[in-house]
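**Q** sequence first, predicted coordinates after that:
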Amino acid sequence: MASDVRPRRAAPHRLKRLRHESLKPVVGGHGEGATENAVLDCGWGRLLFAQTFPNAEPLIEALRAEGPDRRDIALYVRNPHVLLASAPQEVFLDPSHTFRLDLATYRPGRRQPRGFTVRRLVSEPDAEAVNRIYAARGMVPSPTDFIWSHRDDRNLTYLVAEDLVSGAVVGTVTGVNHVRAFSDPENGSSLWCLAVDPQATQPGIGEALVRRLAEHFKTQGLAYMDLSVMHDNDQAIALYEKLGFRRVSFFGVKRKNPINEALFTGPADDHALNPYARIIVDEARRRGIATDVIDAEGGLFRLTWGGRSIRCRESLSELTSAVALSICDDKRMTRRIVEQAGVRVPEQIDADDPAAIADALTRHAALVVKPARGEQGKGVAVGLTTGDEVAAAIAAARRLCPEVLVEEQVQGEDLRLVMIDFKLVAAALRRPPRVVGDSQSTLRALIEHQSRRRAAATGGESTIPIDAETERCLAAAGYGLDDVAPEGEEIMVRKAANLHLGGTIHDVTAEVHPALVKAAVAAARAIDISVTGIDLMVRSPREPDYAFIEANERPGLANHEPQPTAERFVDLLFPLSAPASVRAASPSAHL
């Protein structure tokens, strides 16, 4: 009998809650006591608290006041059909779910952050780091001075996650206190802009940020914390449900603008494009350039504007000659061409001469083996210190290409310089994938977690394979895949820094030494290629010493935020489509 009684007792409570959290207005006026027509500027856009607007007309007028390159959101729209009917050509229903966490019943988690700490935003570099993470996750940025000037705002709360080893900001979240923002009679709050640096290695950063914000609002005596999340963001929804959030029936409305275009135009023909093709197609469409996706899986598309039509495969366009392409395709020829132009290259060793390899091992700390043809780091072995390791790497590389290069391993970091029209557009250090021990998880589990995070951040382009090379790198550090590393210990799991194999990218454009830029320009001009990624090994991006590694004829333009790689690429293809300010800029920049 008891099992029959409980559902009957619970039913009135559930029905009352559903009536309260439905499209129907609460009896007595939901916005009673609240500030009328409440709007809060959040930097990236404004929050329009729709329940405080008496009818559709003033809310539509408020949405029309949206600033350029901003994303305003009208939330808690109780009659979206009425609002949409008021301006169907201007606004649309946001395809996001709203979730709520009841703070009265919320209980803090037992697991403490490992390798990072969560704190308030306290400096201008913190604000700059927040925007860097926004850019990396494709979010609308806030002016840095806005974030900094609102650090102690009564309405907004900025939290960041800080790496305990490097001191870098690796995550951020923003909270809004509804009582202070518009005298909310429901005593609520909301969470916005949860973002984790895609390069971060520690697990649990997003969860820790959400929990800390919930605890902050709970201590302020608030009743609930709401959030809005895209309906297809399964990973985020799983996190929120794990933390006790439940879905509620509130809706958001946004204005039709270029930022929101993908949300209201419906499915496009580019759903299968990888991030490197999509970033270019999106920039072209933003300028009104016609795009025709020819083969999404292969990243092939055509851009047409003003009578000019150009086919591209990601950043490889018809402006790159077949001769330049063939030079980049053969790493041996690339090496010879750039060396003749005065660019320093590593010593090369005959792959078929064991005596020469043995001699090189006595003169160099380590050797590198790579196929003469290939891309995305396939077949590349780094840090080889014995003849047996070199022989095994040569055999593996020859399964991909009969011709193999053996070179000295130049000590330092891998620097990628993206050159467009023989000018530097972006410079980034590419670092091998690493994991941080937590004294609980096996290295296999940490690698798989980090691989999932890298895949989510790069549209599936970056993953860490668990193979013989990974096992070799772990063994060099004294570990196996099923070992548990001490908390806080950072372990390199592969030695190659290629993005497709789980490597990470760190922007250094503002600090790269002129000598390195000069070498990259010389290499690009020697090959005569207008778009290329020049890879150098450097001791530091701020120092002139380097060694040329290779030139990539199809450099990935994504993941170089905040540098305008796609913008400069489209400028090259269609110069007159560039903004006047860009066309008037000095052509000698970064030379």
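**A** It's in.
**Q** from here on, just use CA atoms for contacts and neighbour counts.
**A** Will do.
**Q** can you pull the pLDDT of the nearest residue to residue 43 once chain neighbours are set aside?
**A** Excluding the flanking residues, the one nearest residue 43 by CA to CA, 6 or more residues apart in numbering is residue 142, at 4.5 Å. For residue 142, the pLDDT comes out at 93.
**Q** quick one: contacts for residue 142?
**A** Applying CA atoms under 8 Å, 6 or more residues apart in numbering to residue 142 gives the contacts 42, 43, 44, 45, 131.
**Q** between the two ends of stretch 49-63, how far is it?
**A** Between the opening and closing residues of stretch 49-63 there is a gap of 11 Å (CA to CA, to the nearest Å).
**Q** in strands, which of the contacts of residue 142 appear?
**A** Among these, no residue falls in strands (DSSP state E).
**Q** any of the residues you listed buried? List them.
**A** Buried members of those, counted by 16 or more other CA atoms under 10 Å: 42, 43, 44, 45, 131.
**Q** let me see the contact set for the third one.
**A** Applying CA under 8 Å, 6+ apart to residue 44 gives the contacts 70, 71, 72, 140, 141, 142, 143.
**Q** for it, give its distance to residue 437.
**A** 36 Å.
**Q** again, but for the second one
**A** From residue 43 over to residue 437 the distance is 37 Å, taken as CA to CA.
**Q** show me which pair in the buried ones among the contacts of residue 142 is furthest apart.
**A** Pairwise distances across the buried ones among the contacts of residue 142 peak at 13.8 Å for 45 and 131 (criterion: CA to CA).
**Q** do a quick rundown of the helices in the stretch 451-591 of the chain.
**A** Applying DSSP state H, counting those that start in this stretch to the stretch 451-591 of the chain gives helices spanning 468-476, 514-527, 565-573, 580-583.
**Q** CSV for the buried ones among the contacts of residue 142, including pLDDT and distance to residue 241?
**A** Output for the buried ones among the contacts of residue 142, formatted as CSV (pLDDT from 0 to 100; distance: CA to CA, whole Å):
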residue, pLDDT, distance to residue 241
42, 96, 26
43, 95, 28
44, 96, 26
45, 96, 27
131, 92, 27
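**Q** mind putting these into TSV with distance to residue 570?
**A** Shown next, in TSV, are these (distance: CA to CA, whole Å):
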residue	distance to residue 570
42	31
43	28
44	25
45	27
131	24
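**Q** if we can go back for a sec, inside helices: which ones of the contacts of residue 142?
**A** Within these, residues falling in helices by DSSP state H are residue 131.
**Q** from the contacts of residue 142, pick the one nearest residue 537.
**A** Of the contacts of residue 142, the one sitting nearest to residue 537 (CA to CA) turns out to be residue 131, at 28.5 Å.
**Q** now the residue nearest to that closest one when sequence neighbours are not counted: phi and psi?
**A** With CA to CA, 6+ apart as the criterion, residue 131 has its nearest non-adjacent residue at 5.5 Å, and that residue is residue 141. Here is the backbone geometry of residue 141 (degrees, to the nearest 10): phi -80, psi 160.
**Q** contacting residues around residue 141?
**A** Contacts of residue 141 (CA under 8 Å, 6+ apart): 43, 44, 131, 134, 135.
**Q** kindly recompute the last result at 7 Å.
**A** 44, 131, 134, 135 (CA atoms under 7 Å, 6 or more residues apart in numbering).
**Q** ok, now how distant is the second one from residue 467?
**A** Summarising the geometry, the distance separating residue 131 from residue 467, computed by CA to CA, is 36 Å.
**Q** low-confidence ranges in the chain?
**A** For the chain, the stretches with pLDDT under 70 are 1-32, 266-271, 376, 459, 579-591.
**Q** reformat the helices of the stretch 451-591 of the chain into a markdown table and put mean neighbour count and distance to residue 34 next to each item.
**A** Supplementary listing: the helices of the stretch 451-591 of the chain in a markdown table, determined by neighbours: other CA atoms under 10 Å; distance: least, CA to CA, whole Å:
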| stretch | mean neighbour count | distance to residue 34 |
| --- | --- | --- |
| helix 468-476 | 16 | 58 |
| helix 514-527 | 21 | 58 |
| helix 565-573 | 21 | 44 |
| helix 580-583 | 11 | 44 |
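**Q** which residues touch the helix or strand that contains residue 418?
**A** With secondary structure defined by DSSP states H and E, residue 418 is part of strand 413-420. Outside strand 413-420, the residues that touch it by CA under 7 Å, 6+ apart are 424-431, 497, 530-539, 568-569.
**Q** next secondary structure after that strand?
**A** Next along the chain after strand 413-420, taking DSSP H and E as the criterion, comes strand 423-431.
**Q** and the helix or strand following that next one, which strands flank it?
**A** Helices and strands here follow DSSP H and E; after strand 423-431, the next one along the chain is strand 434-436. Strand 434-436 has its sheet partners listed here by DSSP bridges as strand 490-492 (antiparallel).
**Q** beta partners of residue 406?
**A** Residue 406 forms beta bridges with residue 349, residue 369, as assigned by DSSP bridges.
**Q** so it sits against residue 368, correct?
**A** Yes. Counting by CA atoms under 7 Å, residue 406 touches residue 368, with 5.7 Å between them.
**Q** ok, so of the contacts of residue 142, who is nearest residue 63?
**A** Lowest distance from residue 63 to the contacts of residue 142 (CA to CA) belongs to residue 45, with 10.5 Å.
**Q** no further queries at this time; thank you.
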